[in-house]
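# this one's sequence-less:
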């Protein structure tokens, strides 16, 4: 959720909306706002699906939050470190205790 509203803030906004818009036009405004939110949600889902399709295989589980630069870099570093842990060294160096 983007906003952290409590009950008092919501009640205050409702009273302000009734005063500014008027009680006779408020239901129509609420319906229009709900339609706008639904339209924006559908657009974002379509854009995410198009992005996944255009990026090709390997990006089926892509989330829009994964594209945030900080999360993207953290994810890439974590995957690189995981790959590095899987690589085993080809030889082991032995130290001569007399040289120390």
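Cool, got the structure. These figures come from a predicted structure and were not determined experimentally.

# can you count the residues close to the residue nearest to residue 29 when sequence neighbours are not counted?
Distances taken as C-beta to C-beta, 6 or more residues apart in numbering put residue 21 closest to residue 29, at 5.6 Å, once the chain neighbours are dropped. C-beta: built from backbone N, CA, C; applies to glycine. Residues lying near residue 21 (other C-beta atoms under 10 Å) number 14.

# Show me where the protein has its helices.
Per DSSP state H, the chain carries helices over the ranges 7-21, 26-55, 69-86.

# how much distance is there from the second one to the middle of the chain?
This points to helix 26-55. 16 Å (C-alpha atoms, centre = their mean, to the nearest Å).

# Same question for stretch 17-32.
With C-alpha atoms, centre = their mean, you get 32 Å for stretch 17-32.

# now stretch 39-59
Centre to centre, stretch against its chain (C-alpha atoms, centre = their mean), the figure for stretch 39-59 is 13 Å.

# what's the answer for stretch 50-65, then?
In terms of C-alpha atoms, centre = their mean, the centre of stretch 50-65 is set 13 Å apart from its chain centre.
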